[in-house]
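Novice: sequence-free structure coming up:
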């Protein structure tokens, strides 16, 4: 009767199952399994132990899922414009988790900070591209105007140089035809 009470107490000592309950659950299971066949039916709280084992296994599975997503988030590293795919994958995996598992992810803020940083960098890149395109357009307009000015510049008309012998009038006597 004494060992049954000791095992019953060990099982009751498990309490609320957390990830830290593994040792208490394993010790209670080991103590129960070491009991004789005749004594095992005397342990009236065996269901508490089996429920605790199931709860721990489920909690461990959820914890492993959360850790997997934490690792994906950690792989984002320093945020650059090239981080978009890694951030999107981390967000996809995080959002796919059930809400209770999401609560177990310890670096969820890292993900939201990475998303904000990426959005800022993308906005800065967009503004820089707009500025570059505006500058290109301004330079192209300046070049076009300069070209128009070159075409529109009137050239100075220069009088043709006529040799002196051609510029003097030909003076012939009025009746010059008579001499022929």
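Specialist: That came in fine, so what should we check first? Just so it is clear, the structure is predicted and the values come from calculations on it, not from any experiment. Numbers count the residues shown, from 1 in each chain.
Novice: Who are the contact partners of residue 4?
Specialist: Residues in contact with residue 4, defined by C-beta atoms under 8 Å, 6 or more residues apart in numbering, are 35, 39, 42-43. To be clear about C-beta, it is placed using only N, CA and C from the backbone, and glycine gets the same treatment.
Novice: For those, which ChimeraX command selects only the ones that are buried?
Specialist: For the buried members of the contacts of residue 4, the matching ChimeraX selection, counting by 16 or more other C-beta atoms under 10 Å, is:
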select :43
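Novice: from the chain's centre, how far out does the longest helix seen in the chain sit?
Specialist: Identified as the longest helix of the chain according to DSSP state H is helix 108-152. Averaging C-alpha positions (C-alpha atoms, centre = their mean, to the nearest Å) puts helix 108-152 21 Å from its chain's average.
Novice: where in the chain is pLDDT low?
Specialist: Residue ranges of the chain with pLDDT under 70: 1-2, 150-158, 160-180.
Novice: So which residue is smack in the middle of it?
Specialist: The structure's the chain has its C-alpha centroid closest to residue 84; by C-alpha atoms, centre = their mean the separation is 3.0 Å.
Novice: so it makes contact with residue 119?
Specialist: No - look at residue 84 against residue 119 with C-beta atoms under 8 Å: they stay out of range, at 10.1 Å.
Novice: In contact with residue 14: list those residues for me.
Specialist: Going by C-beta under 8 Å, 6+ apart, residue 14 touches 21, 24-25, 28, 48-49, 52.
Novice: Just the ones in strands from these, please.
Specialist: Among those, no member is found in strands (DSSP state E).
Novice: Closest one to residue 133 out of these, please.
Specialist: Using C-beta to C-beta, residue 21 is the member of the contacts of residue 14 that sits closest to residue 133, with 61.4 Å.
Novice: thought that closest one was touching residue 56?
Specialist: Yes - taking C-beta under 8 Å as the definition, residue 21 is a contact partner of residue 56 at 5.7 Å.
Novice: Please report how far residue 112 lies from residue 18.
Specialist: To residue 18, residue 112 is 26 Å away according to C-beta to C-beta, to the nearest Å.
Novice: Check which helix or strand the residue nearest to residue 93 when sequence neighbours are not counted maps to.
Specialist: Setting aside the residues directly before and after it, residue 93 is nearest to residue 69 in space (C-beta to C-beta, 6 or more residues apart in numbering), at 5.0 Å. Using DSSP states H and E, residue 69 sits within helix 46-74.
Novice: Number of residues surrounding the residue nearest to residue 93?
Specialist: Residues near residue 69, counting by other C-beta atoms under 10 Å, number 24.
Novice: residues of the helix holding residue 69 that come out buried?
Specialist: Using 16+ other C-beta under 10 Å as the test for burial, helix 46-74 gives 48-49, 52-53, 55-56, 59, 62, 65-66, 69-70, 72-73.
Novice: chain center to that helix, what's the gap?
Specialist: The chain centroid and the centroid of helix 46-74 are separated by 29 Å under C-alpha atoms, centre = their mean.
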